[in-house]
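Peer 1: Attaching a predicted model along with its sequence, questions to come.
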Amino acid sequence: MESTMKIYYSPDYVVDIGEHTFPTRKWHLVAQGLQAENMGELVDPGLPPREYLESVHTQDWVSKCLAGRLSLEEETQMELRWSKRLSVAHQKHVMGTILAARDALAQGLGLHAGGGAHHAFADHGEGFCMFNDLAAALRLLRAQERIELGAVVDLDVHQGNGTAAILKEDELSHFSIHQDDIYPFALRPGLRRMGVAEPETLRQVGRLDVAVPRGMADAKYLKMLSGQLDAFLERQKPEVVLYQAGVDVWEGDAVGGLGLTRAGIEARDREVFSACFNRGIGVAVTLGGGYAERLEDCAELHRRTIQLAIEEHERRWPN
Ligand SMILES: [Zn+2]
């Protein structure tokens, strides 16, 4: 489906990080899929000013990440080896989500073919995440008085522990549905062997934090999502929603175990878009996690989320 919407993406997202569970080539494949379908105009978000990073991160963490002064422990905890290019990529992911959030406020939908780094804390990185683009975008919109209340809706299979920790003191809201027996509630076996400490678990720190069991599958998941999301939006009335649309909920995922089908993920995405658009709440899409064995499967699931966002926006957003 053709569209002229801006989709934030940078070729700089692709960084050589060696053999890795979360290969950066995924972002390139998503962008390629979007271009093949003439879906949107890819726009490089550029680098954020340093103060945007410091809106959620400590000066110390930002300095370390910009200058490459991370300790081996910090790199191990983040599960990424620092490089200048890696730092640039992660900074641009922050800017992409900030710009998508502004678009969501202005026109009801903002699109980022990247982002969703929900495991980054104020003072350290975890789970392949260096900077928390979701928390940064919400903080900035509020600091610039564009909104009073926004929300992160995080449906990645993992709990957004970094986002929850950062937004804990804010009025800003964090809605999350995630699997209850994987990271951050349980450490990956490889990390445990390397002597990394058990993470500080952050259950129930979001305004609505729902941990669900392995193997939940489509029907139960979708019923629960619909009820919980409606209740959340009615109660909180956010002016904008940043959607972390991780596809590691897929049945073919090597890490997540919720077992949603492709059709189930489509129904999930439509539920989020229609619930928000019907209430006049703009949505910024970020992509988050996905660990299918074939990277192409993962990229296609992500591309599909963006396509559904555009379709639902055209159908439901009041012009
Ligand atoms: Zn994930």
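Peer 2: Noted; the coordinates are in hand. Numbers count the residues shown, from 1 in each chain.

Peer 1: show me the contacts for the residue nearest to Pro213 when sequence neighbours are not counted.
Peer 2: Of all residues not flanking Pro213 in the chain, Asp180 sits nearest, at 6.0 Å (Cβ to Cβ, 6 or more residues apart in numbering). C-beta coordinates here come from the backbone N, C-alpha and C atoms, glycine included. Counting by Cβ atoms under 8 Å, 6 or more residues apart in numbering, Asp180 touches 211-214.

Peer 1: Distance check, Asp180 against Gln91.
Peer 2: Look at Asp180 and Gln91: by Cβ to Cβ, to the nearest Å, they are 33 Å apart.

Peer 1: what does Gly40 give?
Peer 2: 22 Å.

Peer 1: Tell me which of those two has more neighbours.
Peer 2: Using other Cβ atoms under 10 Å as the criterion, Gly40 and Gln91 rank with Gln91 on top: 26 against 23.

Peer 1: show me the contacts for the more buried one.
Peer 2: 47-48, 53, 131.

Peer 1: for those residues, which one is nearest the ion?
Peer 2: For the contacts of Gln91, the minimum distance to the ion (Cβ to the ion) is 16.4 Å, reached by Phe131.

Peer 1: What parts of the chain come near the ion?
Peer 2: Contact residues, the chain versus the ion (Cβ under 5 Å from the ion): 156, 158, 246, 248, 289.

Peer 1: Start and end of stretch 276-286, how far apart?
Peer 2: In stretch 276-286, first residue to last residue: 15 Å (Cα to Cα, to the nearest Å).

Peer 1: Quick check: mean pLDDT of it?
Peer 2: What stretch 276-286 shows for mean pLDDT is 97.

Peer 1: For it, buried residues please.
Peer 2: Residues of stretch 276-286 classed as buried by neighbour count (16 or more other Cβ atoms under 10 Å): 276-277, 281-286.

Peer 1: Just the pLDDT for His313.
Peer 2: The per-residue pLDDT reported for His313 equals 97.

Peer 1: which residues are in contact with the regular element (helix or strand) spanning Gln307?
Peer 2: If you go by DSSP states H and E, Gln307 is part of helix 295-316. Contact partners of helix 295-316, identified using Cβ under 8 Å, 6+ apart, comprise 1, 3, 5, 7, 23, 25-26, 29-30, 32-34, 37, 39-40, 108-109, 111, 113, 245, 247, 250, 252, 262, 265-266, 269-270, 273-274, 277-278, 283, 285, 287, 290-292.

Peer 1: one step back: now, which of the contacts of Gln91 sits nearest Glu74?
Peer 2: Taking Cβ to Cβ as the measure, Glu74 lies nearest Phe131 of the contacts of Gln91, at 13.5 Å.

Peer 1: Please state the offset of stretch 113-123 from the chain centre?
Peer 2: Its chain's C-alpha centre and that of stretch 113-123 lie 7 Å apart, by Cα atoms, centre = their mean, to the nearest Å.
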